[in-house]
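# 3D model of this:
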Amino acid sequence: MSMDTGRRGARARADINVTPLIDIVLVLLIIFMVLTPATLKHLTAVVPKEADEATPPPPADTFVLVEYTAKGVVSINGEPIAFESLGTRLAERLRYNRQKVVFFKAEGDAAYGDVVRLLDLARGSGAETLAVATK
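Next comes the predicted model:
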């Protein structure tokens with residue numbers, strides 16, 4: 001280390017004395033190295049609990065077929081139902097179905113507006129894919 005005595009005609013030195021800076025950085029590094037493990041000891045993990053209720057097995061039918069006749073009769077997989085209860089019955093059948101596909105079969109003489117309402121009811125009850133069955 002050198003030091004200017006302040007003689008006349010001597011210029012100021014342009015280099016920085018970095019020794020105190022290195023000392024401060026090393027002390028900070030040691031402090032952080034000591035404190036970091038102490039702060040990590042108190043981490044807790046929240047594990048979700050297992051559900052108490054058992055999910056019922058999926059229904060035996062792997063697909064859902066909705067049929068509509070020209071006389072206005074609606075049936076799901078051959079079982080006749082009321083037009084108004086179609087949404088709730090489809091929601092029950094699609095609840096545990098992974099594919100959520102509903103097939104539609106309508107007679108040629110059936111009213112077009114009613115068939116569209118059936119499609120809308122199926123989509124609103126949880127069907128993701130709507131398919132039209134043909135001969």
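# ok, which stretches of this structure are helices?
Remark: helices assigned in the chain by DSSP state H are 19-40, 86-94, 112-124.
# in TSV, list the ones you listed along with mean neighbour count and mean pLDDT.
C-beta coordinates here come from the backbone N, C-alpha and C atoms, glycine included. What follows is the helices of the chain, written out as TSV (neighbours: other CB atoms under 10 Å; pLDDT from 0 to 100):
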stretch	mean neighbour count	mean pLDDT
helix 19-40	9	88
helix 86-94	18	90
helix 112-124	15	92
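# how far does stretch 128-135 sit from its chain's centre?
Relative to its chain's centre, stretch 128-135 lies at 27 Å (CA atoms, centre = their mean, to the nearest Å).
# first-to-last residue distance for that stretch?
23 Å (CA to CA, to the nearest Å).
# next: stretch 63-83.
End-to-end for stretch 63-83, by CA to CA: 20 Å.
# ok, residues contacting it?
Outside stretch 63-83, the residues within contact range by CB atoms under 8 Å, 6 or more residues apart in numbering are 61, 86, 89-90, 93-94, 97, 99, 101-111, 114-115, 118, 122, 127, 133.
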